[in-house]
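*Asks:* give me the fold of what follows.
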Amino acid sequence: MLRTPSGAADGEVDSLACWFPPRSGNQRTYASRVREPDTETPAPEDAATAAGESSETDEVTSERPAQLGDTVTWIAIVAAGIFAQLLVTINGVLAARMLGVEGRGQVVLVVALSTMASQLTLGGGLPNALTKLLAERGVTTRDGVGHLVPQWLLISLVPSTIAAGYLLYLERDSSGGTKYALAIALAVMAIQTMGLRVLIGAMLGEGTPLLSFTITNFAPQAAVTAALGLAFAFGARLNAVELLAVMIGSALLTSAARLFALRKPTRNPKDRIEGKEVWALTRQNHVGSVGPIDGLSIDRTLVGSLLGNAQLGLYSAAFALAGLTNIIGGCLSMVVLPRVAVVQSDPEAERVAVRRWLSVSAGLILACVVTLAVLAEPVLRIAFGRDYFGDHFTATVHCAYWLIAAGGLLSFRRVLIAVLQARGRGGWASWIEIALTPFVVLGVWIASIDDSLLDVGITMFAVGAIGCLMLGTAAHRSRPTGDGPEAGALPPELPITT
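*Replies:* Presented below is the predicted three-dimensional model:
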(Lines give C-alpha, C1' and ligand atoms only; values in the text may rest on other atoms or scores of the structure.)
Protein backbone atom coordinates (compact mmCIF):
# COMPACT_ATOMS: atom_id res chain seq x y z
CA MET A 1 0.00 0.00 0.00
CA LEU A 2 1.15 3.57 -0.72
CA ARG A 3 0.25 6.11 1.92
CA THR A 4 0.14 9.87 1.75
CA PRO A 5 1.73 12.12 4.40
CA SER A 6 -1.61 12.20 6.23
CA GLY A 7 -1.59 8.41 6.46
CA ALA A 8 -4.64 7.85 4.26
CA ALA A 9 -4.38 4.83 2.00
CA ASP A 10 -4.74 5.40 -1.71
CA GLY A 11 -6.35 2.01 -2.26
CA GLU A 12 -5.02 -1.21 -3.69
CA VAL A 13 -1.69 -0.80 -5.48
CA ASP A 14 -0.03 -3.54 -7.49
CA SER A 15 2.76 -5.20 -5.50
CA LEU A 16 4.95 -4.98 -8.59
CA ALA A 17 4.54 -1.22 -8.58
CA CYS A 18 4.97 0.30 -5.13
CA TRP A 19 5.60 3.56 -6.93
CA PHE A 20 5.92 4.67 -10.53
CA PRO A 21 7.44 8.15 -10.85
CA PRO A 22 6.28 10.60 -13.51
CA ARG A 23 8.93 9.48 -15.98
CA SER A 24 8.18 5.79 -15.57
CA GLY A 25 6.83 3.92 -18.55
CA ASN A 26 4.27 2.39 -16.22
CA GLN A 27 2.68 5.74 -15.34
CA ARG A 28 0.05 5.38 -18.05
CA THR A 29 -1.07 1.96 -16.89
CA TYR A 30 -1.19 2.76 -13.21
CA ALA A 31 -2.50 6.31 -13.43
CA SER A 32 -5.96 5.36 -12.27
CA ARG A 33 -4.72 3.74 -9.07
CA VAL A 34 -1.60 5.60 -7.96
CA ARG A 35 -1.90 9.19 -6.81
CA GLU A 36 1.06 11.36 -7.71
CA PRO A 37 2.38 13.70 -5.01
CA ASP A 38 1.95 17.43 -5.40
CA THR A 39 -0.88 17.00 -7.89
CA GLU A 40 -3.61 19.59 -7.53
CA THR A 41 -7.26 18.60 -7.62
CA PRO A 42 -8.88 19.72 -10.91
CA ALA A 43 -11.35 22.58 -10.70
CA PRO A 44 -15.03 21.61 -11.11
CA GLU A 45 -15.23 23.31 -14.49
CA ASP A 46 -12.35 21.14 -15.70
CA ALA A 47 -13.90 17.90 -14.48
CA ALA A 48 -15.75 17.14 -17.70
CA THR A 49 -12.65 17.76 -19.78
CA ALA A 50 -10.53 15.60 -17.51
CA ALA A 51 -13.13 12.85 -17.58
CA GLY A 52 -13.21 12.96 -21.35
CA GLU A 53 -9.44 12.67 -21.61
CA SER A 54 -9.46 9.80 -19.16
CA SER A 55 -12.14 8.03 -21.13
CA GLU A 56 -10.12 8.26 -24.33
CA THR A 57 -7.07 6.87 -22.57
CA ASP A 58 -8.99 3.99 -21.03
CA GLU A 59 -10.01 2.79 -24.47
CA VAL A 60 -6.44 1.78 -25.22
CA THR A 61 -5.20 1.02 -21.71
CA SER A 62 -5.28 -2.39 -20.06
CA GLU A 63 -5.28 -2.21 -16.28
CA ARG A 64 -2.66 -4.38 -14.69
CA PRO A 65 -4.43 -6.93 -12.43
CA ALA A 66 -4.40 -6.13 -8.72
CA GLN A 67 -1.80 -8.18 -6.87
CA LEU A 68 -1.28 -9.31 -3.32
CA GLY A 69 1.48 -7.90 -1.12
CA ASP A 70 5.14 -8.78 -1.59
CA THR A 71 5.24 -11.18 1.35
CA VAL A 72 2.24 -13.18 0.18
CA THR A 73 3.51 -13.12 -3.39
CA TRP A 74 6.96 -14.52 -2.75
CA ILE A 75 5.66 -17.10 -0.29
CA ALA A 76 3.11 -18.32 -2.82
CA ILE A 77 5.54 -18.44 -5.74
CA VAL A 78 8.31 -20.11 -3.75
CA ALA A 79 5.85 -22.57 -2.21
CA ALA A 80 4.61 -23.45 -5.69
CA GLY A 81 8.21 -23.92 -6.80
CA ILE A 82 8.97 -26.17 -3.83
CA PHE A 83 5.85 -28.20 -4.51
CA ALA A 84 6.82 -28.50 -8.18
CA GLN A 85 10.29 -29.75 -7.23
CA LEU A 86 8.81 -32.25 -4.80
CA LEU A 87 6.71 -33.54 -7.67
CA VAL A 88 9.86 -33.74 -9.82
CA THR A 89 11.52 -35.82 -7.09
CA ILE A 90 8.49 -38.12 -6.87
CA ASN A 91 8.49 -38.45 -10.65
CA GLY A 92 12.16 -39.36 -10.55
CA VAL A 93 11.55 -42.06 -7.96
CA LEU A 94 8.62 -43.58 -9.89
CA ALA A 95 10.55 -43.40 -13.16
CA ALA A 96 13.61 -45.02 -11.58
CA ARG A 97 11.54 -47.91 -10.26
CA MET A 98 9.81 -48.37 -13.64
CA LEU A 99 12.78 -47.90 -15.95
CA GLY A 100 15.82 -48.90 -13.93
CA VAL A 101 19.15 -47.10 -14.03
CA GLU A 102 19.62 -47.34 -17.80
CA GLY A 103 16.13 -46.18 -18.77
CA ARG A 104 16.17 -43.42 -16.17
CA GLY A 105 19.48 -42.24 -17.62
CA GLN A 106 17.91 -42.01 -21.10
CA VAL A 107 15.07 -39.82 -19.83
CA VAL A 108 17.45 -37.56 -17.89
CA LEU A 109 19.68 -37.17 -20.95
CA VAL A 110 16.74 -36.18 -23.18
CA VAL A 111 15.50 -33.65 -20.61
CA ALA A 112 19.02 -32.27 -20.08
CA LEU A 113 19.61 -31.81 -23.83
CA SER A 114 16.21 -30.20 -24.37
CA THR A 115 16.92 -27.81 -21.50
CA MET A 116 20.32 -26.96 -22.95
CA ALA A 117 18.84 -26.29 -26.41
CA SER A 118 16.28 -23.98 -24.84
CA GLN A 119 18.66 -22.14 -22.56
CA LEU A 120 21.22 -21.50 -25.27
CA THR A 121 18.61 -19.81 -27.46
CA LEU A 122 15.13 -18.41 -26.81
CA GLY A 123 14.77 -19.81 -23.32
CA GLY A 124 17.88 -17.99 -22.10
CA GLY A 125 17.93 -14.20 -22.05
CA LEU A 126 14.60 -13.57 -23.78
CA PRO A 127 12.26 -14.39 -20.83
CA ASN A 128 14.08 -12.03 -18.45
CA ALA A 129 14.24 -9.34 -21.13
CA LEU A 130 10.46 -9.61 -21.58
CA THR A 131 9.91 -9.44 -17.82
CA LYS A 132 11.93 -6.24 -17.52
CA LEU A 133 10.50 -4.50 -20.60
CA LEU A 134 6.87 -5.36 -19.89
CA ALA A 135 7.15 -4.48 -16.19
CA GLU A 136 8.78 -1.11 -16.89
CA ARG A 137 6.30 -0.08 -19.56
CA GLY A 138 3.14 -1.62 -18.16
CA VAL A 139 2.04 -3.09 -21.49
CA THR A 140 0.54 -6.47 -22.30
CA THR A 141 2.47 -9.27 -23.94
CA ARG A 142 0.14 -9.44 -26.91
CA ASP A 143 0.46 -5.69 -27.57
CA GLY A 144 4.16 -5.43 -26.86
CA VAL A 145 5.74 -8.47 -28.52
CA GLY A 146 2.92 -10.43 -30.16
CA HIS A 147 4.25 -9.50 -33.61
CA LEU A 148 7.56 -11.27 -32.84
CA VAL A 149 6.09 -14.73 -32.13
CA PRO A 150 6.32 -16.10 -35.73
CA GLN A 151 10.00 -15.17 -35.81
CA TRP A 152 10.61 -16.93 -32.50
CA LEU A 153 8.88 -20.09 -33.73
CA LEU A 154 11.18 -20.31 -36.74
CA ILE A 155 14.27 -19.75 -34.61
CA SER A 156 13.25 -22.53 -32.21
CA LEU A 157 13.47 -25.16 -34.95
CA VAL A 158 17.23 -24.80 -35.31
CA PRO A 159 18.46 -25.66 -31.79
CA SER A 160 15.85 -28.40 -31.35
CA THR A 161 17.04 -30.13 -34.53
CA ILE A 162 20.70 -29.83 -33.52
CA ALA A 163 19.99 -31.31 -30.07
CA ALA A 164 18.12 -34.25 -31.62
CA GLY A 165 21.05 -34.88 -33.95
CA TYR A 166 23.48 -34.88 -31.03
CA LEU A 167 21.36 -37.49 -29.22
CA LEU A 168 21.42 -39.72 -32.31
CA TYR A 169 25.20 -39.38 -32.34
CA LEU A 170 25.47 -40.47 -28.70
CA GLU A 171 23.13 -43.41 -29.32
CA ARG A 172 24.71 -44.36 -32.65
CA ASP A 173 25.68 -47.83 -31.39
CA SER A 174 22.17 -48.62 -30.16
CA SER A 175 20.03 -50.92 -32.27
CA GLY A 176 16.31 -50.60 -32.96
CA GLY A 177 14.12 -47.58 -33.42
CA THR A 178 14.12 -46.35 -29.82
CA LYS A 179 16.88 -43.83 -30.46
CA TYR A 180 14.84 -42.19 -33.24
CA ALA A 181 11.80 -41.93 -30.99
CA LEU A 182 13.97 -40.38 -28.29
CA ALA A 183 15.35 -37.86 -30.80
CA ILE A 184 11.83 -36.82 -31.90
CA ALA A 185 10.78 -36.46 -28.26
CA LEU A 186 13.87 -34.34 -27.61
CA ALA A 187 13.11 -31.96 -30.49
CA VAL A 188 9.51 -31.48 -29.35
CA MET A 189 10.50 -30.98 -25.71
CA ALA A 190 13.14 -28.41 -26.65
CA ILE A 191 10.56 -26.27 -28.48
CA GLN A 192 8.11 -26.67 -25.61
CA THR A 193 10.71 -25.65 -23.04
CA MET A 194 11.50 -22.47 -24.95
CA GLY A 195 7.82 -21.60 -25.22
CA LEU A 196 7.08 -22.27 -21.56
CA ARG A 197 9.99 -20.12 -20.40
CA VAL A 198 9.01 -17.24 -22.68
CA LEU A 199 5.45 -17.43 -21.36
CA ILE A 200 6.69 -17.34 -17.75
CA GLY A 201 8.73 -14.22 -18.47
CA ALA A 202 5.74 -12.59 -20.14
CA MET A 203 3.36 -13.47 -17.29
CA LEU A 204 5.73 -12.01 -14.70
CA GLY A 205 6.30 -8.86 -16.75
CA GLU A 206 2.66 -8.04 -17.35
CA GLY A 207 1.56 -8.89 -13.81
CA THR A 208 -0.49 -12.04 -14.33
CA PRO A 209 -2.67 -12.75 -11.27
CA LEU A 210 -0.86 -14.80 -8.65
CA LEU A 211 -3.27 -17.73 -8.73
CA SER A 212 -2.90 -18.22 -12.49
CA PHE A 213 0.88 -18.04 -12.32
CA THR A 214 1.12 -20.42 -9.36
CA ILE A 215 -1.15 -23.06 -10.84
CA THR A 216 0.58 -23.10 -14.22
CA ASN A 217 3.96 -23.24 -12.49
CA PHE A 218 3.49 -26.71 -11.04
CA ALA A 219 0.72 -28.04 -13.30
CA PRO A 220 3.08 -29.95 -15.68
CA GLN A 221 4.72 -31.91 -12.90
CA ALA A 222 1.37 -32.57 -11.22
CA ALA A 223 0.01 -34.09 -14.43
CA VAL A 224 3.09 -36.29 -14.91
CA THR A 225 2.99 -37.40 -11.27
CA ALA A 226 -0.68 -38.35 -11.56
CA ALA A 227 -0.05 -40.36 -14.73
CA LEU A 228 2.99 -42.16 -13.31
CA GLY A 229 1.25 -42.79 -10.00
CA LEU A 230 -1.73 -44.40 -11.71
CA ALA A 231 0.49 -46.49 -13.97
CA PHE A 232 2.59 -47.65 -11.04
CA ALA A 233 -0.48 -48.43 -8.92
CA PHE A 234 -2.02 -50.62 -11.62
CA GLY A 235 1.26 -52.41 -12.32
CA ALA A 236 1.88 -50.82 -15.72
CA ARG A 237 5.51 -50.35 -16.73
CA LEU A 238 6.21 -47.45 -19.05
CA ASN A 239 9.37 -47.36 -21.13
CA ALA A 240 11.48 -44.23 -21.66
CA VAL A 241 9.65 -43.14 -24.81
CA GLU A 242 6.21 -43.58 -23.25
CA LEU A 243 7.26 -41.58 -20.18
CA LEU A 244 8.53 -38.75 -22.39
CA ALA A 245 5.21 -38.78 -24.27
CA VAL A 246 3.37 -38.23 -20.98
CA MET A 247 5.68 -35.30 -20.19
CA ILE A 248 5.09 -33.76 -23.62
CA GLY A 249 1.32 -34.04 -23.24
CA SER A 250 1.32 -32.33 -19.85
CA ALA A 251 3.51 -29.52 -21.21
CA LEU A 252 1.04 -28.92 -24.04
CA LEU A 253 -1.80 -28.49 -21.57
CA THR A 254 0.31 -26.09 -19.49
CA SER A 255 1.20 -24.01 -22.56
CA ALA A 256 -2.47 -23.62 -23.38
CA ALA A 257 -3.25 -22.56 -19.80
CA ARG A 258 -0.49 -19.95 -19.79
CA LEU A 259 -1.61 -18.50 -23.10
CA PHE A 260 -5.14 -18.21 -21.75
CA ALA A 261 -3.82 -16.45 -18.61
CA LEU A 262 -2.16 -13.63 -20.57
CA ARG A 263 -3.91 -10.26 -20.42
CA LYS A 264 -6.15 -9.17 -23.28
CA PRO A 265 -4.59 -6.81 -25.84
CA THR A 266 -5.53 -3.14 -25.94
CA ARG A 267 -4.71 -2.77 -29.66
CA ASN A 268 -2.77 0.39 -28.85
CA PRO A 269 0.01 0.73 -31.46
CA LYS A 270 2.07 2.79 -29.00
CA ASP A 271 2.51 -0.32 -26.83
CA ARG A 272 4.45 -2.13 -29.55
CA ILE A 273 8.04 -2.97 -28.56
CA GLU A 274 10.45 -3.12 -31.48
CA GLY A 275 12.34 -6.35 -32.06
CA LYS A 276 15.68 -4.57 -32.06
CA GLU A 277 15.12 -3.37 -28.52
CA VAL A 278 14.07 -6.83 -27.33
CA TRP A 279 17.08 -8.49 -28.93
CA ALA A 280 19.48 -5.85 -27.59
CA LEU A 281 18.39 -6.49 -24.00
CA THR A 282 18.30 -10.25 -24.63
CA ARG A 283 21.90 -10.26 -25.82
CA GLN A 284 23.03 -8.20 -22.85
CA ASN A 285 21.36 -10.49 -20.32
CA HIS A 286 21.63 -13.78 -22.17
CA VAL A 287 24.54 -15.52 -20.49
CA GLY A 288 23.58 -14.33 -17.03
CA SER A 289 19.98 -15.47 -17.56
CA VAL A 290 21.05 -18.84 -18.91
CA GLY A 291 23.35 -19.40 -15.95
CA PRO A 292 25.44 -21.97 -17.87
CA ILE A 293 27.03 -23.19 -14.66
CA ASP A 294 23.80 -25.04 -13.83
CA GLY A 295 21.17 -23.74 -16.25
CA LEU A 296 22.45 -25.73 -19.22
CA SER A 297 22.61 -29.02 -17.30
CA ILE A 298 26.26 -29.18 -18.34
CA ASP A 299 27.14 -31.44 -15.41
CA ARG A 300 24.42 -33.98 -16.23
CA THR A 301 25.09 -33.85 -19.95
CA LEU A 302 28.81 -34.45 -19.43
CA VAL A 303 28.22 -37.22 -16.89
CA GLY A 304 25.95 -38.97 -19.38
CA SER A 305 28.34 -38.38 -22.29
CA LEU A 306 31.58 -39.30 -20.46
CA LEU A 307 30.47 -41.80 -17.81
CA GLY A 308 27.42 -43.39 -19.44
CA ASN A 309 23.71 -43.64 -18.75
CA ALA A 310 24.15 -45.86 -15.67
CA GLN A 311 26.31 -43.29 -13.89
CA LEU A 312 23.95 -40.55 -15.01
CA GLY A 313 21.10 -42.49 -13.40
CA LEU A 314 23.01 -42.50 -10.09
CA TYR A 315 23.94 -38.82 -10.44
CA SER A 316 20.34 -37.86 -11.16
CA ALA A 317 19.29 -39.56 -7.91
CA ALA A 318 21.85 -37.52 -5.98
CA PHE A 319 20.76 -34.38 -7.82
CA ALA A 320 17.06 -34.96 -7.08
CA LEU A 321 17.34 -33.35 -3.64
CA ALA A 322 19.77 -30.62 -4.71
CA GLY A 323 17.28 -29.60 -7.37
CA LEU A 324 14.95 -28.34 -4.64
CA THR A 325 17.35 -25.51 -3.76
CA ASN A 326 17.76 -24.73 -7.46
CA ILE A 327 14.03 -24.30 -7.95
CA ILE A 328 13.83 -22.01 -4.91
CA GLY A 329 16.60 -19.82 -6.34
CA GLY A 330 14.84 -19.71 -9.69
CA CYS A 331 11.51 -18.74 -8.13
CA LEU A 332 13.11 -16.06 -5.97
CA SER A 333 14.90 -14.56 -8.95
CA MET A 334 11.60 -14.42 -10.86
CA VAL A 335 10.09 -12.45 -7.99
CA VAL A 336 13.11 -10.18 -7.44
CA LEU A 337 13.69 -9.06 -11.05
CA PRO A 338 10.35 -7.27 -11.71
CA ARG A 339 10.15 -5.85 -8.19
CA VAL A 340 13.62 -4.32 -8.32
CA ALA A 341 13.16 -3.20 -11.93
CA VAL A 342 10.08 -1.07 -11.24
CA VAL A 343 11.74 0.99 -8.46
CA GLN A 344 14.89 1.91 -10.39
CA SER A 345 13.80 5.58 -10.47
CA ASP A 346 13.91 5.71 -6.67
CA PRO A 347 17.45 4.74 -5.61
CA GLU A 348 16.75 4.72 -1.88
CA ALA A 349 13.67 2.50 -2.18
CA GLU A 350 15.56 0.30 -4.62
CA ARG A 351 18.42 -0.29 -2.19
CA VAL A 352 15.96 -1.14 0.57
CA ALA A 353 14.22 -3.63 -1.73
CA VAL A 354 17.54 -5.22 -2.73
CA ARG A 355 18.72 -5.60 0.87
CA ARG A 356 15.38 -7.08 1.91
CA TRP A 357 15.22 -9.60 -0.91
CA LEU A 358 18.85 -10.67 -0.51
CA SER A 359 18.33 -11.24 3.22
CA VAL A 360 15.11 -13.19 2.72
CA SER A 361 16.66 -15.26 -0.06
CA ALA A 362 19.77 -16.13 1.94
CA GLY A 363 17.76 -17.19 4.97
CA LEU A 364 15.33 -19.33 2.99
CA ILE A 365 18.04 -21.03 0.93
CA LEU A 366 20.19 -21.74 4.01
CA ALA A 367 17.25 -23.34 5.83
CA CYS A 368 16.53 -25.47 2.78
CA VAL A 369 20.14 -26.63 2.46
CA VAL A 370 20.42 -27.65 6.12
CA THR A 371 17.12 -29.54 6.01
CA LEU A 372 17.98 -31.41 2.84
CA ALA A 373 21.45 -32.35 4.12
CA VAL A 374 19.90 -33.95 7.20
CA LEU A 375 17.31 -35.85 5.16
CA ALA A 376 19.51 -36.87 2.22
CA GLU A 377 20.61 -40.35 3.31
CA PRO A 378 17.27 -41.72 4.56
CA VAL A 379 15.33 -40.16 1.66
CA LEU A 380 17.60 -41.71 -0.98
CA ARG A 381 17.53 -45.08 0.75
CA ILE A 382 13.75 -45.18 1.17
CA ALA A 383 12.73 -43.49 -2.06
CA PHE A 384 14.97 -45.27 -4.55
CA GLY A 385 15.80 -48.45 -2.63
CA ARG A 386 19.22 -49.98 -2.08
CA ASP A 387 18.89 -52.19 -5.15
CA TYR A 388 18.80 -49.14 -7.41
CA PHE A 389 22.26 -48.03 -6.26
CA GLY A 390 23.90 -51.43 -5.89
CA ASP A 391 27.38 -50.96 -4.45
CA HIS A 392 27.34 -47.19 -5.10
CA PHE A 393 24.92 -46.08 -2.37
CA THR A 394 27.48 -44.48 -0.04
CA ALA A 395 29.27 -42.69 -2.88
CA THR A 396 25.93 -41.37 -4.19
CA VAL A 397 24.93 -40.04 -0.75
CA HIS A 398 28.27 -38.22 -0.37
CA CYS A 399 27.81 -36.75 -3.85
CA ALA A 400 24.32 -35.62 -2.81
CA TYR A 401 25.76 -33.73 0.20
CA TRP A 402 28.08 -31.73 -2.04
CA LEU A 403 25.37 -31.12 -4.62
CA ILE A 404 22.93 -29.86 -1.97
CA ALA A 405 25.51 -27.36 -0.70
CA ALA A 406 26.38 -26.39 -4.28
CA GLY A 407 22.68 -25.97 -5.06
CA GLY A 408 22.34 -23.46 -2.23
CA LEU A 409 25.20 -21.34 -3.54
CA LEU A 410 24.04 -21.56 -7.14
CA SER A 411 20.51 -20.58 -6.08
CA PHE A 412 21.69 -17.47 -4.26
CA ARG A 413 23.75 -16.60 -7.32
CA ARG A 414 20.49 -16.54 -9.32
CA VAL A 415 19.13 -13.85 -7.01
CA LEU A 416 22.30 -11.78 -7.38
CA ILE A 417 22.03 -12.07 -11.16
CA ALA A 418 18.42 -10.84 -11.01
CA VAL A 419 19.55 -7.76 -9.05
CA LEU A 420 22.23 -6.95 -11.62
CA GLN A 421 19.79 -7.40 -14.51
CA ALA A 422 17.23 -5.14 -12.87
CA ARG A 423 19.93 -2.48 -12.52
CA GLY A 424 20.84 -2.75 -16.18
CA ARG A 425 24.09 -4.57 -15.40
CA GLY A 426 23.18 -7.97 -16.80
CA GLY A 427 26.33 -7.88 -18.91
CA TRP A 428 28.47 -8.08 -15.76
CA ALA A 429 26.72 -11.30 -14.72
CA SER A 430 27.14 -12.69 -18.23
CA TRP A 431 30.90 -12.20 -18.20
CA ILE A 432 31.21 -13.84 -14.78
CA GLU A 433 29.23 -16.85 -15.98
CA ILE A 434 31.36 -17.10 -19.11
CA ALA A 435 34.54 -17.04 -17.02
CA LEU A 436 33.39 -19.81 -14.66
CA THR A 437 31.70 -22.22 -17.07
CA PRO A 438 34.97 -23.72 -18.44
CA PHE A 439 35.88 -24.75 -14.90
CA VAL A 440 32.67 -26.81 -14.70
CA VAL A 441 33.60 -28.62 -17.92
CA LEU A 442 37.19 -29.14 -16.76
CA GLY A 443 36.16 -30.39 -13.33
CA VAL A 444 33.64 -32.92 -14.68
CA TRP A 445 36.15 -34.12 -17.27
CA ILE A 446 38.79 -34.70 -14.58
CA ALA A 447 36.20 -36.50 -12.44
CA SER A 448 35.32 -38.75 -15.38
CA ILE A 449 38.93 -39.94 -15.55
CA ASP A 450 38.58 -41.43 -12.05
CA ASP A 451 34.93 -42.38 -12.65
CA SER A 452 34.06 -40.29 -9.56
CA LEU A 453 30.65 -38.72 -9.03
CA LEU A 454 31.90 -37.25 -5.74
CA ASP A 455 34.44 -35.11 -7.59
CA VAL A 456 31.63 -33.80 -9.80
CA GLY A 457 29.76 -32.65 -6.69
CA ILE A 458 32.88 -30.95 -5.29
CA THR A 459 33.41 -29.18 -8.61
CA MET A 460 29.90 -27.74 -8.57
CA PHE A 461 30.32 -26.54 -4.97
CA ALA A 462 33.61 -24.78 -5.72
CA VAL A 463 32.25 -23.04 -8.81
CA GLY A 464 29.13 -21.96 -6.91
CA ALA A 465 31.19 -20.42 -4.09
CA ILE A 466 33.41 -18.47 -6.48
CA GLY A 467 30.39 -17.34 -8.49
CA CYS A 468 28.60 -15.96 -5.41
CA LEU A 469 31.73 -14.08 -4.36
CA MET A 470 32.20 -12.45 -7.77
CA LEU A 471 28.51 -11.63 -8.29
CA GLY A 472 28.19 -10.28 -4.76
CA THR A 473 31.08 -7.92 -5.42
CA ALA A 474 29.48 -6.82 -8.70
CA ALA A 475 26.11 -6.21 -7.01
CA HIS A 476 27.80 -4.13 -4.30
CA ARG A 477 29.50 -1.95 -6.91
CA SER A 478 26.43 -1.53 -9.12
CA ARG A 479 23.93 1.28 -8.68
CA PRO A 480 20.24 1.82 -9.56
CA THR A 481 19.64 3.18 -13.05
CA GLY A 482 17.48 6.12 -11.83
CA ASP A 483 18.66 9.72 -11.64
CA GLY A 484 17.66 10.16 -8.01
CA PRO A 485 14.76 11.91 -6.23
CA GLU A 486 14.87 14.90 -8.50
CA ALA A 487 13.96 12.68 -11.45
CA GLY A 488 10.55 12.02 -10.03
CA ALA A 489 11.35 9.38 -7.45
CA LEU A 490 9.29 8.98 -4.33
CA PRO A 491 9.94 11.79 -1.80
CA PRO A 492 11.21 10.85 1.68
CA GLU A 493 7.88 11.73 3.33
CA LEU A 494 6.06 9.13 1.22
CA PRO A 495 7.42 5.80 2.42
CA ILE A 496 6.84 2.57 0.58
CA THR A 497 4.98 -0.04 2.58
CA THR A 498 3.83 -3.51 1.60
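
*Asks:* where does the stretch 1-150 of the chain have low pLDDT?
*Replies:* For the stretch 1-150 of the chain, the stretches with pLDDT under 70 are 1-78, 81, 85.

*Asks:* list phi and psi for residue 367.
*Replies:* phi -60, psi -40 (degrees, to the nearest 10).

*Asks:* from residue 290, how far out is it?
*Replies:* 27 Å (Cβ to Cβ, to the nearest Å). All C-beta atoms are positioned from the backbone trio N, CA, C, and that covers glycine.

*Asks:* now swap in residue 184 and tell me
*Replies:* According to Cβ to Cβ, residue 184 stands 25 Å off from residue 290.

*Asks:* buried set for stretch 159-172?
*Replies:* 159, 160, 161, 163, 164, 166, 167, 170, 171 (16 or more other Cβ atoms under 10 Å).

*Asks:* same thing with stretch 171-187?
*Replies:* Buried residues in stretch 171-187, counted by 16+ other Cβ under 10 Å: 171, 179, 181, 182, 183, 185, 186, 187.

*Asks:* which of those sit farthest apart?
*Replies:* Longest distance between any two of those is 14.2 Å, between 171 and 187; criterion Cβ to Cβ.

*Asks:* how far does the longest helix along the chain sit from the chain's center?
*Replies:* As assigned by DSSP state H, the longest helix anywhere in the chain is helix 70-120. In terms of Cα atoms, centre = their mean, to the nearest Å, the centre of helix 70-120 is found 13 Å from the chain centre.

*Asks:* pick out whichever of residue 367 and residue 290 has more residues nearby.
*Replies:* residue 290 (24 against 12; other Cβ atoms under 10 Å).

*Asks:* where does the closest residue in space to that one that isn't next to it in sequence fall, phi/psi-wise?
*Replies:* Using Cβ to Cβ, 6 or more residues apart in numbering and skipping the chain neighbours, the partner closest in space to residue 290 is residue 124 (4.0 Å). Backbone torsions of residue 124, given as degrees, to the nearest 10, read phi -90, psi -90.

*Asks:* residues touching residue 124, list them.
*Replies:* Residues in contact with residue 124 (Cβ atoms under 8 Å, 6 or more residues apart in numbering) are 118, 282, 286, 287, 289, 290, 295.

*Asks:* hmm, 10 Å instead?
*Replies:* Counting by Cβ atoms under 10 Å, 6 or more residues apart in numbering, residue 124 touches 118, 194, 197, 282, 285-292, 295-296.

*Asks:* could you give the number of residues near residue 106?
*Replies:* Residue 106: 25 surrounding residues under other Cβ under 10 Å.

*Asks:* quick check: it touching residue 243?
*Replies:* Yes: applying Cβ atoms under 10 Å as the test, residue 106 and residue 243 come out as touching, 9.3 Å apart.

*Asks:* now do the shared contacts for those two.
*Replies:* With Cβ under 10 Å, 6+ apart as the test, residue 106 and residue 243 both reach residue 99.

*Asks:* I'd guessed residue 83 sits against residue 328; true?
*Replies:* No: if you go by Cβ under 10 Å, residue 83 and residue 328 don't touch, sitting 11.3 Å apart.

*Asks:* out of the two, which sits in the busier spot?
*Replies:* residue 328 (27 against 16).

*Asks:* which SSE is that one in?
*Replies:* Element membership of residue 328, judged by DSSP states H and E, is helix 309-341.

*Asks:* how deep is residue 246 tucked in, by neighbour count?
*Replies:* Counted with other Cβ under 10 Å, residues neighbouring residue 246 total 17.

*Asks:* er, residue 209 actually
*Replies:* Other residues close to residue 209 by other Cβ under 10 Å number 16.

*Asks:* also the one 4 residues further on?
*Replies:* The local packing of residue 213 (other Cβ under 10 Å) involves 20 other residues.

*Asks:* any figure for the gap between the spatially closest residue to residue 338 that is not a sequence neighbour and residue 262?
*Replies:* Of all residues not flanking residue 338 in the chain, residue 135 sits nearest, at 4.2 Å (Cβ to Cβ, 6+ apart). Note on residue 135: its distance to residue 262, by Cβ to Cβ, is 14 Å.

*Asks:* so which of these two has more stuff around it?
*Replies:* More neighbours surround residue 135 than the other of residue 135 and residue 262, with 25 against 17 (other Cβ under 10 Å).

*Asks:* check which helices and strands the strand or helix carrying the more buried one sits against.
*Replies:* Using DSSP H and E, residue 135 maps to helix 125-137. Helix 125-137 is packed against helix 27-30, helix 141-145, helix 178-206, helix 275-290, helix 309-341, helix 393-422, helix 426-449, with contacts defined by 3 or more Cβ pairs under 10 Å, 6 or more residues apart in numbering; DSSP states H and E.

*Asks:* want to throw those into CSV with distance to residue 476?
*Replies:* As requested, the helices and strands packed on helix 125-137 are exported to CSV (distance: least, Cβ to Cβ, whole Å):
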stretch, distance to residue 476
helix 27-30, 31
helix 141-145, 33
helix 178-206, 26
helix 275-290, 16
helix 309-341, 15
helix 393-422, 10
helix 426-449, 11
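
*Asks:* of those helices, which is nearest residue 268?
*Replies:* helix 141-145 (6.1 Å).

*Asks:* which helices and strands sit right next to that closest one?
*Replies:* When contacts are defined as 3+ Cβ pairs under 10 Å, 6+ apart, helix 141-145 sits against helix 125-137, helix 149-170, helix 178-206, helix 275-290.

*Asks:* run the last query once more with 8 Å
*Replies:* Packing partners of helix 141-145 (3 or more Cβ pairs under 8 Å, 6 or more residues apart in numbering; DSSP states H and E): helix 125-137, helix 178-206.

*Asks:* how near is the nearest residue to residue 447 once chain neighbours are set aside to residue 141?
*Replies:* The spatial neighbour of residue 447 that comes closest, neighbours along the chain excluded (Cβ to Cβ, 6+ apart), is residue 455 at 3.5 Å. Distance, residue 455 to residue 141, using Cβ to Cβ: 44 Å.
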